[in-house]
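Peer 1: Could you work out the structure for the sequence below:
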Amino acid sequence: MIRVLLADDHPMVRAGLQQLLGAEEDIVVVGAARDGDEAVSLAVAAGADVVLMDLSMPVLDGVEATRRLQAEAPDVQVVVLTSFADRDRILAALDAGATGYLLKDSEPYELLAGVRAAHRGESPLAPRAASAVLTRLPNARPDLTEREQDVLRLLGSGLSNRRIADDLGISEQTVKTHLTHIFARLGVTDRTNAALWARRHGLA
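Peer 2: Numbering: from 1, shown residues only. From the prediction side, this is the model:
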């Protein structure tokens, strides 16, 4: 069961999301926060797996709430759900630790798929968000080993560390070690940017 926390300052948005997510057999809504500060405390207290985080909220905005939540509960996956598609907001949210970025005009099935993808350790990104991230990725091809290329290709295909380990017949810890080397050689700081780099360069 995927435990989801909603963070949005609009009651109608929270109610609509609760109705949509609550109808799914594999998802349970464990709370709904009205601001970023409440989102952090509720997510920790409720043991949320995924937080759907709005960006524009009172008391504490979504970017800062994401940053604090990652510091207090790094295993919680934060998926931004907002109306803003400008590059600066997208990059700020991802830099703060969000694993995904979806827009409120997404189709319901896209939102549900995004929640499930985040729970699997993947990075759901709306096309406009992905485009913004791609503009800051380096173009140069680094000198990767054959195994690192295998790991990067599977990461770019959307697989979690566990799935990559199973496919390659190696341990999850080995996958994490390869990813650390890959991030350094690509000049990126997270799996989202590495996956986008792989797609951009035809490795996925």
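Peer 1: For the protein, give me the ranges with low pLDDT.
Peer 2: 131-141, 204 (pLDDT under 70).
Peer 1: can you give me the helices for it?
Peer 2: Taking DSSP state H, the helices of the chain run over residues 11-22, 36-46, 62-72, 87-96, 108-119, 127-134, 146-156, 161-168, 172-186, 191-200.
Peer 1: Quick check: which of the ones you listed is nearest to residue 3?
Peer 2: helix 36-46 (6.8 Å; CB to CB). Heads up, the C-betas are built off the backbone N, CA and C, glycines and all.
Peer 1: any idea how far stretch 180-192 is from the chain center?
Peer 2: Relative to the chain's own centre, stretch 180-192 is displaced by 16 Å; criterion: CA atoms, centre = their mean, to the nearest Å.
Peer 1: and if you look at stretch 148-158?
Peer 2: For stretch 148-158, the distance to the chain centre is 17 Å (CA atoms, centre = their mean).
Peer 1: do the same with stretch 27-43
Peer 2: On CA atoms, centre = their mean, the centre of stretch 27-43 falls 17 Å from that of its chain.
Peer 1: swap in stretch 93-100?
Peer 2: 6 Å.
Peer 1: Kindly report the same for stretch 64-81.
Peer 2: The mean C-alpha position of stretch 64-81 is separated from the chain mean by 10 Å, CA atoms, centre = their mean.
Peer 1: Identify the residues contacting that stretch?
Peer 2: Applying CB atoms under 8 Å, 6 or more residues apart in numbering, the external contacts of stretch 64-81 come out as 7-8, 17, 36-37, 39-40, 43-44, 48-55, 57, 60, 62, 93, 96-104, 111, 114-115, 118-119, 121, 124.
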